[in-house]
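J.: Fold the following and give me the result.
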Amino acid sequence: MVSFPAELREFPGVDEEPHQVPITPELDLHTFRPSEIGELIPEYLAECRREGIRSVRVIHGKGTGTLREGVHALLRRMPEVESFQFPAGEGSGGWGATWVYLKARSSAVQPGENPQ
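T.: Below is the predicted model of the structure:
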């Protein structure tokens, strides 16, 4: 799980415990502010790779497209992203979601990682 401080949540003050986000093949950004995606997405996708999840559906919503554009710009700069598909497809959220395909994690231990 990825832990986020209380001040990063949509409704600060609800409780002071870190917000736990379960690592699944789906990341719904509706409860996060656009300013949070710069840290959230790289951390979340790194955890997905550690868990062996290589396809992640990122739900950004349709809206004005600002959040989607920010997500896509971030994904383009991430070396661990093999590719992404937008729109996600008829049964996967269409224009409101993007499929992200992650590169396989190398078997070598990366700096700062614990060997498994």
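J.: most centrally placed residue in the chain?
T.: By CA atoms, centre = their mean, the chain has its centre lying nearest to I41, at 3.4 Å.
J.: Which strand or helix spans that one?
T.: Counting by DSSP states H and E, the element that carries I41 is helix 37-50.
J.: which parts of that helix are buried?
T.: Buried positions in helix 37-50, judged by neighbour count with 16 or more other CB atoms under 10 Å: I37, L40, I41, P42, Y44, L45, A46, C48. No exception for glycine: its C-beta is placed from N, CA and C like everyone else's.
J.: what residues does that helix touch?
T.: 1-2, 4, 21, 23, 25, 27, 29, 32, 54, 56, 58, 67, 70-71, 74-75, 78, 80-81, 100, 102-103, 105 (CB atoms under 8 Å, 6 or more residues apart in numbering).
J.: Distance check, A46 against P25.
T.: 15 Å (CB to CB, to the nearest Å).
J.: residues of stretch 87-103 that come out buried?
T.: Neighbour-count burial for stretch 87-103 flags A88, G93, G96, A97, T98, W99, V100, L102 (criterion: 16+ other CB under 10 Å).
J.: Surely the fourth one touches Q85?
T.: No. At 9.5 Å, A97 does not count as touching Q85 under the criterion of CB atoms under 8 Å.
J.: Just the ones of the buried residues of stretch 87-103 in strands?
T.: A97, T98, W99, V100, L102 (DSSP state E).
J.: Quickly list what the last one is bridged to.
T.: According to DSSP bridges, the partner residues bridging L102 are V81.
J.: ok, now which ones touch it?
T.: L45, C48, R49, I53, R54, S55, V56, E80, V81, E82.
J.: roughly how far apart are it and G65?
T.: For L102 relative to G65 (CB to CB), the value is 24 Å.
J.: Phi and psi next, for the nearest residue to R57 once chain neighbours are set aside.
T.: Once flanking residues are discounted, R57 sits nearest to E26: 4.8 Å by CB to CB, 6 or more residues apart in numbering. Taking degrees, to the nearest 10, you get phi -140, psi 130 for the backbone angles of E26.
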